[in-house]
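Just the structure for this:
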Amino acid sequence: MSKLLLAFMLVSCGTVKTSQSPSGPSIQEVVTDCDGREVPKKPLPPGYTYVDGNRLFVFNTKRQRTNLCQILKAKNKKVEIMQLAGITCLSCQRESVFISSELMNSNTGHSVVFTDFMEDYRDEDFSEYMGDYSKKGSSRFHDDQINLWKILSKNPKYPIRPTILIFAGNGVSYLYNSEGTEISDTIRDVVSGFGGDSLDPDPAPAPPPSNPLKHDFALNSKKMSDVFTREFAVVDFSGYNCIYCRRMANNHNNDTAFQDMATNGKCDFITLVPQRDLVAWSQAYKDTFVGSHSFSPETLSLGEVSSLYGEKLRSTPTLLLIDRQGKVLDKGVGAMPRSVASTCAK
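A predicted model of the protein is given here:
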């Protein structure tokens, strides 16, 4: 049975809550949908869950408590994509761009529910995220004490971001703990099945750029032009003796969304390490994503490479988002440049 047909069948379902029987498996009790109607329980396939939109609460920008059903009705949508996100979560940023650009329409809304405690950031930080990674019409909410995040996570003790809840007014939802994996095909099918408009497939990848690389130089066994083949590149200046560099490399190796972008998006990912570190670095990251994207300039130091792009390398890791003309579009010292998600996405 196709995902689309399966999703349409689910729309007739309602909302239930689960209690635990002392003698065996869970017992589902009939409750109400967003319109207050009682509906009988029905079995759901893996990935789907019953969600009581009247009982799951978030806070709006005015610190007012609201539930999922109120959000859906206020926005007059058939479907709401609730994205539980964090400000510094790269996968969350990429998914916000995708959802707001490709899925929002007259029937489908998008809400970013921040799981960062509000006291840890300024209001301007959350507003900046919404401005950079979502479109006008996307809503911003906050998850008080990350209760919603814990409820929806597969393991409440170790909730993961991003988590996506595709919620319809009858209480049926598709819960997606993406863990950084590619979401486009799955989320399109489910949104359409829940009553969202039909959506066009992802566009074909753009052809490789024809303009030559301005700064080409020798790497171990390659040239920069051999590994910088797309429109943009994220260049990570790192070193083996830098503990923060190794920590960031481990993050890259665990971030499948970033790896997908570096494989299928508009940007190449390139890690540059000094010649003296190449052997130790290669051994540490052998047969990993970072290892396959790591190189060492043969005749230039990392500082001399960064100078080609008009930057003085003061510390590692430093990441530059550059174009083929050698222009630095964004920079991050010890962190991923903020515009990588919007620039490099497919």
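
just the strands in the stretch 201-346 of the chain please.
Here the stretch 201-346 of the chain has its strands, by DSSP state E, counting those that start in this stretch, at 218-219, 222-223, 232-237, 267-272, 294-295, 318-323, 328-333.

So which of those strands is the most surrounded?
Each of the strands of the stretch 201-346 of the chain was scored by mean neighbour count; the highest is strand 232-237, a mean of 24, by mean count of other C-beta atoms under 10 Å. (C-beta placed from N, C-alpha, C; glycine too.)

Now the strands of the stretch 201-346 of the chain in a markdown table, please, with extra columns for mean pLDDT.
Listed next are the strands of the stretch 201-346 of the chain as a markdown table, based on pLDDT from 0 to 100:
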| stretch | mean pLDDT |
| --- | --- |
| strand 218-219 | 95 |
| strand 222-223 | 92 |
| strand 232-237 | 96 |
| strand 267-272 | 95 |
| strand 294-295 | 95 |
| strand 318-323 | 96 |
| strand 328-333 | 94 |
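
Take the ones you listed and write them to a markdown table, including distance to residue 99.
Converted to a markdown table, these look like this (distance: least, C-beta to C-beta, whole Å):
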| stretch | distance to residue 99 |
| --- | --- |
| strand 218-219 | 37 |
| strand 222-223 | 37 |
| strand 232-237 | 22 |
| strand 267-272 | 20 |
| strand 294-295 | 32 |
| strand 318-323 | 22 |
| strand 328-333 | 22 |
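
Which of those sits closest to residue 193?
Residue 193 lies closest to strand 267-272 among the strands of the stretch 201-346 of the chain, at 32.4 Å (C-beta to C-beta).

what residues does the closest one touch?
224, 227-238, 249, 252, 258, 261-262, 290, 293-297, 302, 305, 321, 340, 343-344 (C-beta atoms under 8 Å, 6 or more residues apart in numbering).

Figure out the helix or strand that the residue most central in space within the chain lives in.
Central residue of the chain (C-alpha atoms, centre = their mean): residue 91, 2.4 Å from the mean position. Assigned by DSSP states H and E, residue 91 falls within helix 90-102.

Pull out the CA atoms of that helix and give them to me as PDB.
Output in PDB follows, covering the C-alpha atoms of helix 90-102 (Å, rounded to 0.1, in the frame of the first residue of the first chain):
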ATOM      1  CA  LEU A  90      22.400  22.800  11.400                       C
ATOM      2  CA  SER A  91      19.900  20.100  10.500                       C
ATOM      3  CA  CYS A  92      17.100  22.100  12.000                       C
ATOM      4  CA  GLN A  93      18.200  25.100   9.900                       C
ATOM      5  CA  ARG A  94      18.200  23.100   6.700                       C
ATOM      6  CA  GLU A  95      14.800  21.600   7.400                       C
ATOM      7  CA  SER A  96      13.300  25.000   8.200                       C
ATOM      8  CA  VAL A  97      14.500  26.300   4.800                       C
ATOM      9  CA  PHE A  98      13.100  23.200   3.000                       C
ATOM     10  CA  ILE A  99       9.700  23.200   4.800                       C
ATOM     11  CA  SER A 100       9.000  26.900   4.500                       C
ATOM     12  CA  SER A 101      10.200  27.000   0.900                       C
ATOM     13  CA  GLU A 102       8.800  23.800  -0.500                       C
END
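
Next secondary structure after it?
Following helix 90-102 in sequence, per DSSP H and E, is strand 108-114.

which helices and strands sit right next to that next one?
Counting contacts by 3 or more C-beta pairs under 8 Å, 6 or more residues apart in numbering; DSSP states H and E, strand 108-114 packs against helix 68-75, strand 79-85, helix 90-102, helix 123-133, strand 139-142.

Report the rounded mean pLDDT for the longest one.
Same thing as helix 90-102. Taken as a whole, helix 90-102 has a mean pLDDT of 86.

likewise the shortest one?
Averaged across strand 139-142, pLDDT comes to 93.

likewise the second one?
Strand 79-85 shows a mean pLDDT of 91.

Give me the distance between the closest residue to residue 208 other than its chain neighbours and residue 301.
Closest residue to residue 208 apart from its sequence neighbours, by C-beta to C-beta, 6 or more residues apart in numbering: residue 229 at 5.9 Å. Separation of residue 229 from residue 301 (C-beta to C-beta, to the nearest Å) stands at 24 Å.

ok, now residue 329?
Plainly put, residue 329 is 23 Å away from residue 301 if you go by C-beta to C-beta.

Please name the residues that touch the spatially closest residue to residue 163 that is not a sequence neighbour.
Spatially, and ignoring its direct neighbours in sequence, residue 163 is nearest to residue 84 (4.3 Å; C-beta to C-beta, 6+ apart). By C-beta under 8 Å, 6+ apart, residue 84 lies in contact with 113, 115, 143, 148-149, 152, 161-165.

So among those residues, where is pLDDT lowest?
residue 161 (72).

tell me the domain boundaries of this protein?
Following automatic domain parsing, the chain resolves into domains at 3-193, 218-344.

Distance from the shortest one to the middle of the chain?
When you say that, I think you mean domain 218-344. Computed by C-alpha atoms, centre = their mean, to the nearest Å, the chain-centroid distance of domain 218-344 equals 20 Å.

repeat for the longest one
With C-alpha atoms, centre = their mean as the basis, domain 3-193 stands 14 Å off its chain's centre.

Number of residues surrounding residue 82?
Neighbour count of residue 82, defined by other C-beta atoms under 10 Å: 29.

Look up the closest residue to it, ignoring the ones flanking it.
Nearest residue to residue 82 in three dimensions, chain neighbours excluded: residue 165, at 4.2 Å (C-beta to C-beta, 6+ apart).
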